[in-house]
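Chemist: Provided below for reference: sequence and predicted model.
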Amino acid sequence: MTPEAKTVDDSRVETVHLIRPTHLNGADRLFGGILMQWIDEVAGIVAKRHSMANVTTASVDNLTFLHGAYQNDMVVIKGKLTWVGSTSMEVCVDTYVESPSGERHRINNAHFMMVALDENDKPVKVPKLILRTEDEHLAWSHGEERRRIRIQRLKDKLDGI
């Protein structure tokens, strides 16, 4: 039986990758496509943990590359829920390069809209999100604004704008 509500911490994810030569582009930096795969996987795991269902990526907002990462850098990817609807979830994913001393510098930020699916790939209801901190409430309000913008952008596309 699916719980009615879960906390942000219930589905939070953190992964670590070591950049190897096969992850580099022609400029000897982490290939953006590899990073996009890694962050999409983190977003999917966060959404799957919350919904306890299969999920799909519906859209990606604000995929912002702030700095490069290089061979032998440790890349830390952190994902958490910021907003939940009836069948969809917004996941914020932040990516950092971690120094040997443990200091982290953010290199990427993205927001993923994920949809929970049943065994027939039809949208399925997800648990509500329990917000416990001021930061979680702020992230929720920003998520609502991004949702409003996504809906308007979709209406504009459908109207041929």
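Modeler: Here it is on my side, so go on.
Chemist: What pLDDT does the model give residue 63?
Modeler: At residue 63, the pLDDT value in this model is 86.
Chemist: My error: substitute residue 92 in the last question.
Modeler: Taking residue 92 on its own, its pLDDT is 97.
Chemist: Look up how far residue 8 lies from it.
Modeler: According to CB to CB, to the nearest Å, residue 92 stands 10 Å off from residue 8. Where C-beta positions appear, they are placed from N, C-alpha and C, glycine not excepted.
Chemist: Common neighbours of these two, please.
Modeler: Overlap of the contact sets of residue 92 and residue 8 (by CB atoms under 8 Å, 6 or more residues apart in numbering) consists of 80-82.
Chemist: For the longest helix anywhere in the chain, which residues meet the burial criterion?
Modeler: Using DSSP state H to define each element, the chain has its longest helix at helix 134-158. By neighbour count on 16 or more other CB atoms under 10 Å, the buried set for helix 134-158 is 136, 139-140, 143, 146-147, 150.
Chemist: Regarding residue 48, what is its secondary structure?
Modeler: Three-state assignment for residue 48 (DSSP: H, G, I helix; E, B strand; the rest coil): helix.
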